[in-house]
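Undergrad: Sharing a model prediction with you, sequence too.
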Amino acid sequence: MKYIINTSLFLLITLASFAQNKAAKINWLTVEEVQEKMKTEPRKVYVDIYTDWCQWCKVMDKKTFTNKDVIEYLNTHYYCIHLNAETRKVLTFKDKQYGTSSDGKTNALAVEWTQGQLGYPTSIFFDEGFVNPMPVPGFFEVGTMEMIAKYIAENKHKSVNFEKYKAAFKASWK
């Protein structure tokens, strides 16, 4: 009887832990959904530009975007968009439609948001209302994501030089 109770308790704890880990995810939204939400609750925007074939994009998905601190912070302070740069879907942004760009490979919105400097992955941070796009190319470890996400969310980018901020920054996310 003691064995059955201990085994049941172990399974219950394991399943609860698994369910909790599976439930915590970044709330990825579409471009259109973010524009709607922005009408009633303005918020900063984080965009992850990726491709299906990009190895570093996959590593960022597995390592950075599964970190509980990253998930909690991005979901609290940003609307998040996970944009496949090679999507064939027509995207509507600010009443303009964006399909495949002239190169035939990438979506024109990804080209516009990265200011023509496509690289994968690229993170783009916007102030409220999709203004002041700040594209940052490359893979982010958790500490790098913390530093940049806080720099933008706390509006430090409006008053403090990034190099000065970076020199004083102490990462706390594990």
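TA: Alright, I've got the coordinates.

Undergrad: would you list every one of the helices in this structure?
TA: 2-23, 31-40, 55-59, 68-77, 108-113, 142-153, 162-168 (DSSP state H).

Undergrad: how many other residues sit next to residue 156?
TA: When counting by other Cβ atoms under 10 Å, one arrives at 15 neighbours for residue 156. Where you see a C-beta, it was placed from the backbone N, CA and C, and this is true even at glycine.

Undergrad: mean pLDDT for the helices of the chain: which is lowest?
TA: Least confidently modelled of these is helix 2-23, at a mean of 47 by mean pLDDT.

Undergrad: Neighbours of residue 95, how many?
TA: Neighbour tally, residue 95, other Cβ under 10 Å: 6.

Undergrad: give me phi/psi at it?
TA: phi 60, psi 20 (degrees, to the nearest 10).

Undergrad: and the gap between it and residue 147?
TA: 35 Å (Cβ to Cβ, to the nearest Å).

Undergrad: With residue 107 instead?
TA: Applying Cβ to Cβ, the value for residue 107 to residue 147 is 29 Å.

Undergrad: what about these two, which has more around it?
TA: Ranked by neighbour count (other Cβ under 10 Å), residue 107 and residue 147 place residue 107 first, with 22 against 19.

Undergrad: That one bridge partners, please.
TA: residue 100 (DSSP bridges).

Undergrad: Test my guess that it contacts residue 85.
TA: Yes: using Cβ atoms under 8 Å, residue 107 is in contact with residue 85, at 6.1 Å.

Undergrad: Residue 170: how many residues sit nearby?
TA: Residue 170 has 7 nearby residues by other Cβ under 10 Å.

Undergrad: Give me the number of neighbouring residues for residue 40.
TA: Neighbour tally, residue 40, other Cβ under 10 Å: 6.

Undergrad: where's it relative to residue 79, distance?
TA: In terms of Cβ to Cβ, residue 40 sits 12 Å off from residue 79.

Undergrad: Next: residue 56.
TA: 23 Å.

Undergrad: With neighbour numbers in mind, choose between these two.
TA: residue 79 (25 against 14).

Undergrad: got a list of what the residue lying closest to that one once chain neighbours are set aside touches?
TA: Sequence neighbours aside, residue 34 is the residue nearest to residue 79 in space, at 4.4 Å (criterion: Cβ to Cβ, 6 or more residues apart in numbering). Residues in contact with residue 34 (Cβ atoms under 8 Å, 6 or more residues apart in numbering) are 45, 79, 81, 130.
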